[in-house]
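Asks: have a look; sequence and predicted model below, questions after that.
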Amino acid sequence: MSRIPSIIKEQQQFFKSQKTKDIDYRLSLLKALKLEILSKEQAIFNALEKDFKKSEFEGYLSEIGLVMNSLNLAIKNLKRWARPKRIKSSLLNFPSKDYIYSEPYGNVLVIAPWNYPFLLALEPLIMAISAGNTVVLKPSELTKHTSKITTEIIQNVFSENFAVSIEGGIETSTALLAQKWDYIFFTGSTKVGKIVAEAAAKHLTPVVLELGGKSPCIIDDSVNLKLIARRLVWGKLLNGGQTCIAADYVIVKNNIKENLIEVLKAEIIKRYGSNPKTSPDFPRIINKNNTKRIETLLEGQNIIFGGDIQIEDCYISPTLIDEPSLDSKIMQEEIFGPVLPILTYETELDIETIIWNTEKPLSFYVFSEHSDFIESIIKKYSFGGGVINDLLIHFGNHRLPFGGVGDSGTGSYHGKHGFDTFSNKKSIIKRGNWFDPSFRYAPYKGKMSLLKKVFKYLG
(Lines give C-alpha, C1' and ligand atoms only; values in the text may rest on other atoms or scores of the structure.)
Protein backbone atom coordinates (compact mmCIF):
# COMPACT_ATOMS: atom_id res chain seq x y z
CA MET A 1 0.00 0.00 0.00
CA SER A 2 2.93 2.33 0.60
CA ARG A 3 3.66 2.19 -3.14
CA ILE A 4 0.22 3.45 -4.16
CA PRO A 5 1.00 7.21 -4.11
CA SER A 6 4.21 6.73 -6.10
CA ILE A 7 2.49 4.52 -8.69
CA ILE A 8 -0.24 7.13 -9.16
CA LYS A 9 2.35 9.89 -9.49
CA GLU A 10 4.22 7.88 -12.14
CA GLN A 11 1.01 7.29 -14.05
CA GLN A 12 0.11 10.97 -13.86
CA GLN A 13 3.48 11.91 -15.29
CA PHE A 14 3.19 9.30 -18.02
CA PHE A 15 -0.25 10.55 -18.96
CA LYS A 16 1.05 14.11 -19.21
CA SER A 17 3.72 12.89 -21.65
CA GLN A 18 0.85 12.40 -24.18
CA LYS A 19 2.12 8.90 -25.00
CA THR A 20 -1.23 7.27 -24.14
CA LYS A 21 -2.94 9.45 -26.76
CA ASP A 22 -0.97 7.74 -29.52
CA ILE A 23 -3.55 5.42 -31.07
CA ASP A 24 -0.99 3.13 -32.67
CA TYR A 25 0.67 2.72 -29.27
CA ARG A 26 -2.66 1.79 -27.67
CA LEU A 27 -3.35 -0.69 -30.45
CA SER A 28 0.03 -2.35 -30.05
CA LEU A 29 -0.66 -2.94 -26.37
CA LEU A 30 -4.18 -4.22 -26.97
CA LYS A 31 -2.78 -6.70 -29.49
CA ALA A 32 -0.09 -7.72 -27.02
CA LEU A 33 -2.75 -8.21 -24.35
CA LYS A 34 -4.73 -10.44 -26.70
CA LEU A 35 -1.69 -12.65 -27.36
CA GLU A 36 -0.88 -12.83 -23.66
CA ILE A 37 -4.42 -13.94 -22.76
CA LEU A 38 -4.36 -16.57 -25.48
CA SER A 39 -1.08 -17.91 -24.15
CA LYS A 40 -2.50 -18.02 -20.60
CA GLU A 41 -5.89 -19.50 -21.50
CA GLN A 42 -5.36 -22.79 -19.68
CA ALA A 43 -3.95 -21.01 -16.65
CA ILE A 44 -7.09 -18.86 -16.53
CA PHE A 45 -9.27 -21.97 -16.75
CA ASN A 46 -7.29 -23.53 -13.92
CA ALA A 47 -7.64 -20.42 -11.76
CA LEU A 48 -11.42 -20.25 -12.28
CA GLU A 49 -11.70 -23.93 -11.41
CA LYS A 50 -9.77 -23.41 -8.19
CA ASP A 51 -11.84 -20.38 -7.21
CA PHE A 52 -15.30 -21.68 -8.19
CA LYS A 53 -14.98 -25.24 -9.50
CA LYS A 54 -16.12 -23.63 -12.73
CA SER A 55 -16.06 -25.75 -15.89
CA GLU A 56 -13.88 -24.69 -18.83
CA PHE A 57 -16.98 -24.32 -21.01
CA GLU A 58 -18.59 -21.90 -18.58
CA GLY A 59 -15.26 -20.17 -18.01
CA TYR A 60 -14.94 -19.43 -21.70
CA LEU A 61 -18.61 -18.59 -22.21
CA SER A 62 -18.89 -16.15 -19.35
CA GLU A 63 -15.34 -14.83 -18.97
CA ILE A 64 -12.57 -15.45 -21.52
CA GLY A 65 -14.76 -15.38 -24.63
CA LEU A 66 -16.35 -12.06 -23.69
CA VAL A 67 -12.94 -10.54 -22.90
CA MET A 68 -11.58 -11.67 -26.26
CA ASN A 69 -14.65 -10.24 -27.98
CA SER A 70 -14.07 -6.92 -26.25
CA LEU A 71 -10.41 -6.91 -27.31
CA ASN A 72 -11.19 -7.80 -30.92
CA LEU A 73 -13.84 -5.10 -31.07
CA ALA A 74 -11.49 -2.43 -29.73
CA ILE A 75 -8.62 -3.44 -32.01
CA LYS A 76 -10.88 -3.38 -35.06
CA ASN A 77 -12.68 -0.11 -34.30
CA LEU A 78 -10.39 2.03 -32.17
CA LYS A 79 -9.22 4.36 -34.94
CA ARG A 80 -12.81 5.03 -35.96
CA TRP A 81 -14.00 5.50 -32.38
CA ALA A 82 -11.21 7.97 -31.61
CA ARG A 83 -11.72 10.06 -34.73
CA PRO A 84 -13.28 13.51 -34.13
CA LYS A 85 -16.98 13.37 -34.99
CA ARG A 86 -18.32 16.06 -37.32
CA ILE A 87 -21.55 17.61 -36.02
CA LYS A 88 -24.09 19.75 -37.86
CA SER A 89 -23.36 23.41 -37.23
CA SER A 90 -25.75 25.99 -35.85
CA LEU A 91 -26.93 28.91 -37.96
CA LEU A 92 -25.93 31.17 -35.07
CA ASN A 93 -22.28 30.27 -35.64
CA PHE A 94 -22.20 30.48 -39.44
CA PRO A 95 -19.70 29.91 -40.92
CA SER A 96 -18.27 27.11 -38.80
CA LYS A 97 -17.41 23.40 -38.64
CA ASP A 98 -18.37 21.68 -35.40
CA TYR A 99 -16.85 18.56 -33.85
CA ILE A 100 -16.86 16.30 -30.82
CA TYR A 101 -13.38 15.21 -29.76
CA SER A 102 -12.88 12.17 -27.53
CA GLU A 103 -10.10 12.63 -25.00
CA PRO A 104 -9.06 10.34 -22.13
CA TYR A 105 -9.93 11.44 -18.61
CA GLY A 106 -6.47 10.61 -17.28
CA ASN A 107 -5.77 8.35 -14.32
CA VAL A 108 -8.46 5.69 -13.86
CA LEU A 109 -9.17 3.35 -10.96
CA VAL A 110 -11.01 0.09 -11.74
CA ILE A 111 -12.27 -1.95 -8.79
CA ALA A 112 -13.36 -5.42 -9.90
CA PRO A 113 -15.70 -7.89 -8.17
CA TRP A 114 -15.25 -11.56 -7.37
CA ASN A 115 -18.19 -13.15 -9.19
CA TYR A 116 -16.71 -12.84 -12.71
CA PRO A 117 -13.18 -11.95 -11.67
CA PHE A 118 -11.51 -12.13 -15.08
CA LEU A 119 -14.23 -10.59 -17.25
CA LEU A 120 -15.17 -7.74 -14.92
CA ALA A 121 -11.54 -6.81 -14.34
CA LEU A 122 -10.34 -6.97 -17.94
CA GLU A 123 -13.26 -5.51 -19.88
CA PRO A 124 -13.24 -2.11 -18.10
CA LEU A 125 -9.44 -2.07 -18.29
CA ILE A 126 -9.53 -2.75 -22.05
CA MET A 127 -11.93 0.11 -22.68
CA ALA A 128 -10.07 2.50 -20.38
CA ILE A 129 -6.80 1.72 -22.20
CA SER A 130 -8.54 2.01 -25.58
CA ALA A 131 -9.67 5.50 -24.65
CA GLY A 132 -6.09 6.47 -23.71
CA ASN A 133 -6.23 6.45 -19.91
CA THR A 134 -3.73 5.02 -17.47
CA VAL A 135 -5.25 2.37 -15.19
CA VAL A 136 -4.86 1.00 -11.71
CA LEU A 137 -6.83 -2.22 -11.35
CA LYS A 138 -7.84 -3.59 -7.97
CA PRO A 139 -8.90 -7.25 -8.49
CA SER A 140 -10.91 -9.10 -5.86
CA GLU A 141 -9.07 -10.64 -2.94
CA LEU A 142 -11.75 -13.38 -2.73
CA THR A 143 -10.70 -14.98 -6.03
CA LYS A 144 -7.02 -15.20 -5.28
CA HIS A 145 -6.13 -17.59 -8.11
CA THR A 146 -7.87 -15.62 -10.86
CA SER A 147 -6.63 -12.32 -9.45
CA LYS A 148 -3.07 -13.64 -9.46
CA ILE A 149 -3.15 -14.69 -13.12
CA THR A 150 -4.86 -11.41 -14.04
CA THR A 151 -2.06 -9.50 -12.33
CA GLU A 152 0.57 -11.56 -14.12
CA ILE A 153 -1.04 -10.89 -17.50
CA ILE A 154 -1.11 -7.15 -16.91
CA GLN A 155 2.49 -7.13 -15.66
CA ASN A 156 3.65 -8.96 -18.78
CA VAL A 157 1.97 -6.49 -21.15
CA PHE A 158 2.04 -3.06 -19.56
CA SER A 159 4.57 -0.92 -17.78
CA GLU A 160 3.38 0.17 -14.33
CA ASN A 161 3.13 3.78 -15.43
CA PHE A 162 0.43 2.79 -17.93
CA ALA A 163 -1.50 -0.07 -16.28
CA VAL A 164 -0.97 -2.02 -13.09
CA SER A 165 -2.89 -4.52 -10.98
CA ILE A 166 -2.66 -4.03 -7.22
CA GLU A 167 -3.90 -6.99 -5.18
CA GLY A 168 -5.09 -6.75 -1.61
CA GLY A 169 -8.10 -6.60 0.67
CA ILE A 170 -10.29 -3.88 2.13
CA GLU A 171 -7.27 -1.92 3.35
CA THR A 172 -5.94 -1.71 -0.21
CA SER A 173 -9.30 -0.58 -1.57
CA THR A 174 -9.53 2.04 1.16
CA ALA A 175 -6.04 3.32 0.40
CA LEU A 176 -6.81 3.52 -3.31
CA LEU A 177 -10.09 5.37 -2.74
CA ALA A 178 -8.28 7.90 -0.57
CA GLN A 179 -6.33 9.06 -3.65
CA LYS A 180 -7.46 11.60 -6.22
CA TRP A 181 -8.49 10.01 -9.53
CA ASP A 182 -9.76 11.36 -12.80
CA TYR A 183 -12.29 8.52 -13.10
CA ILE A 184 -13.44 5.55 -11.01
CA PHE A 185 -15.13 2.41 -12.33
CA PHE A 186 -16.58 0.12 -9.68
CA THR A 187 -18.43 -3.18 -9.96
CA GLY A 188 -19.87 -4.69 -6.81
CA SER A 189 -22.58 -4.36 -4.19
CA THR A 190 -24.82 -1.35 -3.66
CA LYS A 191 -23.50 -1.03 -0.10
CA VAL A 192 -19.88 -0.68 -1.23
CA GLY A 193 -20.94 1.38 -4.24
CA LYS A 194 -22.17 4.08 -1.87
CA ILE A 195 -18.76 4.11 -0.16
CA VAL A 196 -17.06 4.49 -3.55
CA ALA A 197 -19.41 7.32 -4.54
CA GLU A 198 -18.74 9.12 -1.27
CA ALA A 199 -14.98 8.87 -1.74
CA ALA A 200 -15.24 10.09 -5.34
CA ALA A 201 -17.44 13.03 -4.35
CA LYS A 202 -14.64 14.49 -2.22
CA HIS A 203 -12.70 15.19 -5.43
CA LEU A 204 -15.71 15.57 -7.76
CA THR A 205 -14.43 12.47 -9.55
CA PRO A 206 -16.88 10.99 -12.08
CA VAL A 207 -17.83 7.38 -11.43
CA VAL A 208 -19.48 4.39 -13.03
CA LEU A 209 -21.16 2.15 -10.48
CA GLU A 210 -22.14 -1.30 -11.75
CA LEU A 211 -24.17 -2.68 -8.87
CA GLY A 212 -26.97 -5.22 -8.50
CA GLY A 213 -30.38 -5.64 -6.96
CA LYS A 214 -33.34 -7.99 -7.02
CA SER A 215 -34.00 -8.62 -10.70
CA PRO A 216 -37.50 -10.03 -11.30
CA CYS A 217 -38.66 -12.61 -13.82
CA ILE A 218 -42.34 -12.42 -14.77
CA ILE A 219 -43.96 -15.44 -16.43
CA ASP A 220 -47.52 -15.36 -17.78
CA ASP A 221 -49.66 -18.33 -18.85
CA SER A 222 -49.09 -17.99 -22.61
CA VAL A 223 -45.64 -19.57 -22.61
CA ASN A 224 -44.10 -22.96 -23.43
CA LEU A 225 -43.15 -24.02 -19.92
CA LYS A 226 -40.51 -26.56 -20.94
CA LEU A 227 -38.68 -23.96 -23.02
CA ILE A 228 -38.98 -21.37 -20.27
CA ALA A 229 -37.67 -23.83 -17.67
CA ARG A 230 -34.63 -24.59 -19.83
CA ARG A 231 -33.75 -20.93 -20.21
CA LEU A 232 -34.58 -20.03 -16.63
CA VAL A 233 -32.49 -22.83 -15.12
CA TRP A 234 -29.53 -21.92 -17.36
CA GLY A 235 -29.69 -18.21 -16.56
CA LYS A 236 -30.31 -18.66 -12.85
CA LEU A 237 -27.67 -21.33 -12.19
CA LEU A 238 -24.86 -19.98 -14.38
CA ASN A 239 -21.88 -19.39 -12.08
CA GLY A 240 -23.84 -21.03 -9.28
CA GLY A 241 -26.32 -18.15 -9.29
CA GLN A 242 -23.59 -15.63 -8.51
CA THR A 243 -24.49 -13.30 -11.37
CA CYS A 244 -25.56 -9.71 -10.82
CA ILE A 245 -28.08 -9.94 -13.68
CA ALA A 246 -29.50 -13.34 -12.69
CA ALA A 247 -33.24 -13.54 -12.05
CA ASP A 248 -33.47 -13.07 -8.29
CA TYR A 249 -37.05 -14.29 -8.07
CA VAL A 250 -39.97 -15.40 -10.26
CA ILE A 251 -43.47 -13.97 -10.42
CA VAL A 252 -45.63 -16.52 -12.24
CA LYS A 253 -49.33 -16.48 -13.16
CA ASN A 254 -51.00 -18.40 -10.36
CA ASN A 255 -52.79 -20.91 -12.60
CA ILE A 256 -49.51 -22.36 -13.92
CA LYS A 257 -47.33 -22.21 -10.81
CA GLU A 258 -47.50 -25.91 -9.98
CA ASN A 259 -46.70 -26.88 -13.58
CA LEU A 260 -43.77 -24.47 -13.63
CA ILE A 261 -42.36 -25.94 -10.43
CA GLU A 262 -42.53 -29.46 -11.83
CA VAL A 263 -40.76 -28.56 -15.10
CA LEU A 264 -38.12 -26.60 -13.18
CA LYS A 265 -37.38 -29.62 -11.01
CA ALA A 266 -37.15 -31.88 -14.04
CA GLU A 267 -34.90 -29.43 -15.87
CA ILE A 268 -32.49 -29.04 -12.95
CA ILE A 269 -32.13 -32.80 -12.68
CA LYS A 270 -31.68 -33.12 -16.44
CA ARG A 271 -28.87 -30.56 -16.52
CA TYR A 272 -27.05 -31.27 -13.23
CA GLY A 273 -28.22 -34.72 -12.14
CA SER A 274 -30.04 -35.82 -9.01
CA ASN A 275 -26.96 -34.81 -7.00
CA PRO A 276 -25.61 -31.57 -8.51
CA LYS A 277 -22.65 -31.68 -6.16
CA THR A 278 -21.10 -34.36 -8.37
CA SER A 279 -21.79 -32.45 -11.59
CA PRO A 280 -18.67 -31.03 -13.27
CA ASP A 281 -20.86 -28.17 -14.55
CA PHE A 282 -22.21 -26.83 -11.25
CA PRO A 283 -19.95 -24.22 -9.60
CA ARG A 284 -19.50 -23.54 -5.88
CA ILE A 285 -20.26 -20.47 -3.80
CA ILE A 286 -17.21 -18.24 -3.56
CA ASN A 287 -16.46 -18.88 0.15
CA LYS A 288 -17.85 -20.15 3.44
CA ASN A 289 -19.06 -16.74 4.57
CA ASN A 290 -21.26 -16.30 1.52
CA THR A 291 -22.49 -19.88 1.87
CA LYS A 292 -23.50 -19.15 5.46
CA ARG A 293 -25.16 -15.90 4.38
CA ILE A 294 -27.38 -17.75 1.90
CA GLU A 295 -28.09 -20.42 4.51
CA THR A 296 -29.38 -17.67 6.79
CA LEU A 297 -31.66 -16.37 4.02
CA LEU A 298 -33.22 -19.83 3.75
CA GLU A 299 -34.14 -20.03 7.44
CA GLY A 300 -37.89 -20.36 7.91
CA GLN A 301 -38.60 -20.60 4.17
CA ASN A 302 -40.78 -23.20 2.47
CA ILE A 303 -38.15 -25.16 0.51
CA ILE A 304 -39.91 -27.22 -2.15
CA PHE A 305 -36.79 -28.48 -3.93
CA GLY A 306 -33.11 -28.72 -3.05
CA GLY A 307 -31.93 -27.00 0.09
CA ASP A 308 -28.80 -29.13 0.53
CA ILE A 309 -26.08 -26.99 2.11
CA GLN A 310 -22.52 -28.06 2.86
CA ILE A 311 -20.59 -25.16 4.32
CA GLU A 312 -17.13 -26.75 4.19
CA ASP A 313 -17.45 -27.39 0.45
CA CYS A 314 -19.15 -24.02 -0.20
CA TYR A 315 -21.98 -26.00 -1.79
CA ILE A 316 -25.63 -25.09 -2.07
CA SER A 317 -27.80 -27.23 -4.30
CA PRO A 318 -30.24 -25.65 -6.76
CA THR A 319 -33.12 -24.64 -4.51
CA LEU A 320 -36.73 -23.55 -5.07
CA ILE A 321 -38.63 -21.52 -2.47
CA ASP A 322 -42.42 -21.27 -2.44
CA GLU A 323 -44.14 -17.94 -1.75
CA PRO A 324 -41.73 -16.16 0.63
CA SER A 325 -43.05 -13.15 2.51
CA LEU A 326 -42.17 -9.82 0.87
CA ASP A 327 -40.67 -8.57 4.13
CA SER A 328 -38.48 -11.66 4.62
CA LYS A 329 -34.71 -11.39 4.27
CA ILE A 330 -34.74 -13.48 1.10
CA MET A 331 -37.02 -10.90 -0.56
CA GLN A 332 -35.15 -7.90 0.81
CA GLU A 333 -31.58 -8.89 -0.03
CA GLU A 334 -29.99 -9.89 -3.32
CA ILE A 335 -29.59 -13.68 -3.07
CA PHE A 336 -26.50 -14.17 -5.24
CA GLY A 337 -26.74 -17.94 -5.20
CA PRO A 338 -28.62 -20.93 -6.70
CA VAL A 339 -31.85 -20.16 -4.84
CA LEU A 340 -35.03 -19.16 -6.69
CA PRO A 341 -38.09 -17.84 -4.82
CA ILE A 342 -41.35 -18.37 -6.69
CA LEU A 343 -44.22 -15.95 -6.16
CA THR A 344 -47.55 -15.73 -7.98
CA TYR A 345 -49.80 -13.07 -9.42
CA GLU A 346 -53.37 -12.90 -10.63
CA THR A 347 -53.51 -9.29 -11.80
CA GLU A 348 -50.94 -6.68 -12.83
CA LEU A 349 -51.64 -4.95 -9.52
CA ASP A 350 -50.17 -8.01 -7.78
CA ILE A 351 -47.00 -7.59 -9.88
CA GLU A 352 -46.78 -3.93 -8.85
CA THR A 353 -47.02 -4.85 -5.17
CA ILE A 354 -44.11 -7.25 -5.48
CA ILE A 355 -41.76 -5.26 -7.73
CA TRP A 356 -42.25 -1.92 -6.02
CA ASN A 357 -41.38 -3.64 -2.75
CA THR A 358 -37.68 -3.31 -3.71
CA GLU A 359 -35.41 -0.74 -5.34
CA LYS A 360 -34.92 -0.43 -9.11
CA PRO A 361 -33.25 -3.63 -10.35
CA LEU A 362 -30.27 -4.06 -12.65
CA SER A 363 -32.14 -6.45 -14.96
CA PHE A 364 -35.71 -7.39 -15.76
CA TYR A 365 -37.15 -10.44 -17.51
CA VAL A 366 -40.56 -11.17 -18.99
CA PHE A 367 -41.67 -14.49 -20.46
CA SER A 368 -44.83 -14.06 -22.53
CA GLU A 369 -46.31 -14.36 -26.00
CA HIS A 370 -48.61 -11.37 -25.42
CA SER A 371 -47.04 -8.23 -26.91
CA ASP A 372 -49.45 -5.87 -25.11
CA PHE A 373 -48.57 -7.40 -21.75
CA ILE A 374 -44.85 -7.22 -22.52
CA GLU A 375 -44.98 -3.57 -23.58
CA SER A 376 -47.08 -2.63 -20.56
CA ILE A 377 -44.62 -4.25 -18.17
CA ILE A 378 -41.36 -2.95 -19.64
CA LYS A 379 -42.72 0.59 -19.89
CA LYS A 380 -44.09 0.63 -16.36
CA TYR A 381 -40.98 -0.35 -14.41
CA SER A 382 -37.54 1.23 -14.25
CA PHE A 383 -34.51 -1.05 -14.57
CA GLY A 384 -31.06 -1.17 -16.16
CA GLY A 385 -31.73 -3.57 -19.03
CA GLY A 386 -33.75 -6.64 -19.77
CA VAL A 387 -34.72 -9.52 -22.02
CA ILE A 388 -38.01 -10.83 -23.29
CA ASN A 389 -38.26 -14.64 -23.28
CA ASP A 390 -34.71 -15.34 -22.12
CA LEU A 391 -32.18 -14.36 -19.44
CA LEU A 392 -28.76 -12.66 -19.33
CA ILE A 393 -28.22 -12.37 -23.09
CA HIS A 394 -28.42 -8.55 -23.21
CA PHE A 395 -24.97 -8.55 -21.56
CA GLY A 396 -23.50 -10.23 -24.63
CA ASN A 397 -24.46 -7.59 -27.22
CA HIS A 398 -21.74 -4.93 -27.30
CA ARG A 399 -24.09 -2.60 -29.18
CA LEU A 400 -26.33 -2.30 -26.11
CA PRO A 401 -25.19 -0.11 -23.21
CA PHE A 402 -24.98 -2.11 -19.99
CA GLY A 403 -25.64 -0.47 -16.64
CA GLY A 404 -28.08 0.11 -13.83
CA VAL A 405 -30.38 2.81 -12.53
CA GLY A 406 -30.90 4.08 -9.00
CA ASP A 407 -29.69 1.55 -6.44
CA SER A 408 -28.58 -0.81 -9.21
CA GLY A 409 -25.98 1.60 -10.51
CA THR A 410 -25.13 4.62 -12.59
CA GLY A 411 -23.37 4.88 -15.94
CA SER A 412 -22.96 2.19 -18.59
CA TYR A 413 -20.39 0.48 -20.79
CA HIS A 414 -19.75 -2.32 -23.35
CA GLY A 415 -18.28 -1.92 -26.81
CA LYS A 416 -18.32 1.63 -28.13
CA HIS A 417 -20.32 2.60 -25.05
CA GLY A 418 -17.32 1.53 -22.96
CA PHE A 419 -14.92 3.65 -25.00
CA ASP A 420 -17.30 6.61 -24.58
CA THR A 421 -17.59 6.00 -20.83
CA PHE A 422 -13.84 6.46 -20.40
CA SER A 423 -13.68 9.44 -22.80
CA ASN A 424 -14.41 13.06 -22.08
CA LYS A 425 -16.39 14.51 -24.98
CA LYS A 426 -14.90 17.87 -25.94
CA SER A 427 -17.02 20.20 -28.05
CA ILE A 428 -15.04 22.14 -30.63
CA ILE A 429 -16.19 24.77 -33.12
CA LYS A 430 -13.79 25.82 -35.87
CA ARG A 431 -15.03 29.23 -36.95
CA GLY A 432 -14.47 30.49 -40.45
CA ASN A 433 -12.96 33.95 -41.05
CA TRP A 434 -14.18 34.55 -44.59
CA PHE A 435 -17.53 35.96 -43.43
CA ASP A 436 -18.43 37.83 -40.24
CA PRO A 437 -22.11 38.84 -40.00
CA SER A 438 -22.51 42.07 -38.11
CA PHE A 439 -25.91 41.54 -36.49
CA ARG A 440 -24.47 40.09 -33.24
CA TYR A 441 -22.40 43.24 -32.64
CA ALA A 442 -23.64 46.45 -31.02
CA PRO A 443 -25.43 48.70 -31.68
CA TYR A 444 -28.49 46.42 -31.68
CA LYS A 445 -31.14 48.90 -32.75
CA GLY A 446 -33.25 47.53 -35.61
CA LYS A 447 -31.82 43.99 -35.38
CA MET A 448 -34.41 42.26 -33.17
CA SER A 449 -36.56 41.06 -36.06
CA LEU A 450 -33.59 39.40 -37.78
CA LEU A 451 -32.44 37.84 -34.48
CA LYS A 452 -35.86 36.25 -33.91
CA LYS A 453 -35.86 34.85 -37.46
CA VAL A 454 -32.43 33.28 -36.88
CA PHE A 455 -33.60 31.57 -33.67
CA LYS A 456 -36.76 30.38 -35.41
CA TYR A 457 -34.77 28.49 -38.01
CA LEU A 458 -31.96 27.18 -35.82
CA GLY A 459 -31.04 23.61 -36.75
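Replies: Looks like it arrived, so ask away. Residues are numbered from 1 along each chain as shown.

Asks: quick one: low-confidence ranges for the protein?
Replies: For the chain, the stretches with pLDDT under 70 are 1, 459.

Asks: all strands of the stretch 351-459 of the chain, in order?
Replies: Under the criterion DSSP state E, counting those that start in this stretch, strands of the stretch 351-459 of the chain are mapped to 363-367, 385-388, 402-403, 409-410, 412-413, 423-431.

Asks: show me what the second one is packed against.
Replies: When you say that, I think you mean strand 385-388. Strand 385-388 is packed against strand 363-367, helix 371-380, with contacts defined by 3 or more Cβ pairs under 8 Å, 6 or more residues apart in numbering; DSSP states H and E. Any C-beta I mention is one placed from the backbone N, CA and C, and that applies to glycine too.

Asks: each with direction, which strands does it pair with?
Replies: Here strand 385-388 has these sheet partners by DSSP bridges: strand 363-367 (parallel).

Asks: tell me which of the strands of the stretch 351-459 of the chain sits most buried.
Replies: strand 363-367 (a mean of 26; mean count of other Cβ atoms under 10 Å).

Asks: show me what that one is in contact with.
Replies: 215-220, 223, 228, 232, 235, 244-247, 373-374, 377-378, 381, 383-392, 394 (Cβ atoms under 8 Å, 6 or more residues apart in numbering).

Asks: what's the burial count for residue 69?
Replies: 14 (other Cβ atoms under 10 Å).

Asks: before we move on, the earlier item: a markdown table for the helices and strands packed on strand 385-388, including distance to residue 53?
Replies: Below are the helices and strands packed on strand 385-388 laid out as a markdown table (distance: least, Cβ to Cβ, whole Å):
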| stretch | distance to residue 53 |
| --- | --- |
| strand 363-367 | 25 |
| helix 371-380 | 36 |
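
Asks: what does the residue nearest the centre of the chain show for phi and psi?
Replies: With the centre of the chain defined as its mean C-alpha position, the nearest residue by Cα atoms, centre = their mean is residue 210, 5.1 Å away. Per-residue torsions, residue 210: phi -100, psi 100 (degrees, to the nearest 10).

Asks: report the buried residues of the helix or strand harbouring residue 6.
Replies: Here residue 6, judged by DSSP states H and E, is contained in helix 4-16. For helix 4-16, a neighbour-count test (16 or more other Cβ atoms under 10 Å) marks 4, 7-8, 10-11, 14-15 as buried.

Asks: still on that earlier bit, can you redo the strands of the stretch 351-459 of the chain as CSV with distance to residue 41?
Replies: Formatted as CSV, the strands of the stretch 351-459 of the chain follow (distance: least, Cβ to Cβ, whole Å):
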stretch, distance to residue 41
strand 363-367, 29
strand 385-388, 29
strand 402-403, 24
strand 409-410, 30
strand 412-413, 24
strand 423-431, 30
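
Asks: out of the ones you listed, nearest to residue 27?
Replies: With Cβ to Cβ as the criterion, residue 27 lies closest to strand 423-431 of the strands of the stretch 351-459 of the chain, at 16.0 Å.

Asks: which other helices and strands contact that closest one?
Replies: When contacts are defined as 3+ Cβ pairs under 8 Å, 6+ apart, strand 423-431 sits against strand 96-104.

Asks: just the residues contacting the strand it packs on, thanks.
Replies: 15, 20-21, 81-82, 84-90, 131-133, 419-420, 422-432.

Asks: first-to-last residue distance for stretch 163-179?
Replies: 16 Å (Cα to Cα, to the nearest Å).

Asks: sorry, wrong one. I was asking about stretch 396-413.
Replies: Its first and final residues considered, stretch 396-413 spans 12 Å by Cα to Cα.

Asks: same check, this time on stretch 299-314
Replies: 17 Å.

Asks: can I see the domain layout of the protein?
Replies: Annotated domains of the chain cover 4-211+409-424, 216-403 [automatic domain parsing].

Asks: could you find the closest non-adjacent residue to residue 11?
Replies: residue 134 (4.0 Å; Cβ to Cβ, 6 or more residues apart in numbering).

Asks: distance of the one you found relative to residue 111?
Replies: 15 Å (Cβ to Cβ, to the nearest Å).

Asks: what about these two, which has more around it?
Replies: Per other Cβ under 10 Å, whichever of residue 134 and residue 111 has more neighbours is residue 134, with 29 against 24.

Asks: the more buried one is in contact with residue 107, isn't it?
Replies: Yes. Proximity of residue 134 to residue 107 meets the contact threshold set by Cβ atoms under 8 Å, at 5.2 Å.

Asks: buried ones in the helix or strand harbouring residue 71?
Replies: Assigned by DSSP H and E, residue 71 falls within helix 65-82. Buried positions in helix 65-82, judged by neighbour count with 16+ other Cβ under 10 Å: 66-68, 70-71, 73-75, 78, 81-82.

Asks: roughly how far is that helix from the heart of the chain?
Replies: Remark: helix 65-82 is offset 17 Å from the chain centroid, using Cα atoms, centre = their mean, to the nearest Å.
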